[in-house]
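Peer 1: sequence and predicted structure are below.
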Amino acid sequence: MISVTDVTLNKVLYVEDDPDIRAIAELALQDVGGFNAALCSSGQQALQVAPEFEPDLILLDVMMPEMDGPETMRRLKSLDATRSTPVIFMTARIQNSEIEEYLALGAIGVIPKPFDPMTLADEIRTLVAAL
């Protein structure tokens with residue numbers, strides 16, 4: 001368990017609709033990063049899993065069918081269990097204007113896709129440490 005200021009970073013909720021990316025992220029988060037990760041294939045699934053899992057951090061894909069990342073974040077922020085949980089978007093959409101939009105929504109950062117599975121945990125810890 002890594003403590004960074006007031007944030008204890010152990011449990012990570014990752015929401016990604018692509019099963020291949022989800023599998024790589026699972027290895028990166030759990031095996032390389034040492035996190036306890038809950039993986040969800042949709043925003044709706046995240047809304048069901050998050051209250052019981054009580055994540056320390058939420059990683060969200062931006063482009064997902066039915067409920068995109070920004071809408072998923074909005075709904076997660078309306079739940080007591082995840083109201084103050086930091087959110088990081090993971091996306092291939094990384095134009096400056098898009099990044100500014102994600103940060104304006106309340107995300108603490110953006111990790112570009114494709115991501116490096118060997119450095120993903122360090123990127124996450126760096127963003128959380130900046131809180």
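Peer 2: Thanks, I have it.
Peer 1: mind listing the strands for the chain?
Peer 2: 2-4, 7-9, 11-15, 36-40, 57-61, 87-91, 109-112 (DSSP state E).
Peer 1: most packed of those?
Peer 2: Greatest average neighbour count among the strands of the chain goes to strand 57-61 (a mean of 26), per mean count of other Cβ atoms under 10 Å. C-betas here are computed from N, CA, C, even on glycine.
Peer 1: residues in contact with it?
Peer 2: Applying Cβ atoms under 8 Å, 6 or more residues apart in numbering, the external contacts of strand 57-61 come out as 7, 9, 11-18, 21, 25, 46, 50, 69, 72-73, 76, 82, 85-91, 107, 111, 124, 128.
Peer 1: if we go to 7 Å?
Peer 2: With contacts defined as Cβ atoms under 7 Å, 6 or more residues apart in numbering, strand 57-61 is touched by 9, 12-17, 69, 72-73, 76, 82, 85-91, 124, 128.
Peer 1: okay if I get the strands of the chain as TSV plus distance to residue 97?
Peer 2: Formatted as TSV, the strands of the chain follow (distance: least, Cβ to Cβ, whole Å):
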stretch	distance to residue 97
strand 2-4	29
strand 7-9	28
strand 11-15	23
strand 36-40	28
strand 57-61	19
strand 87-91	13
strand 109-112	12
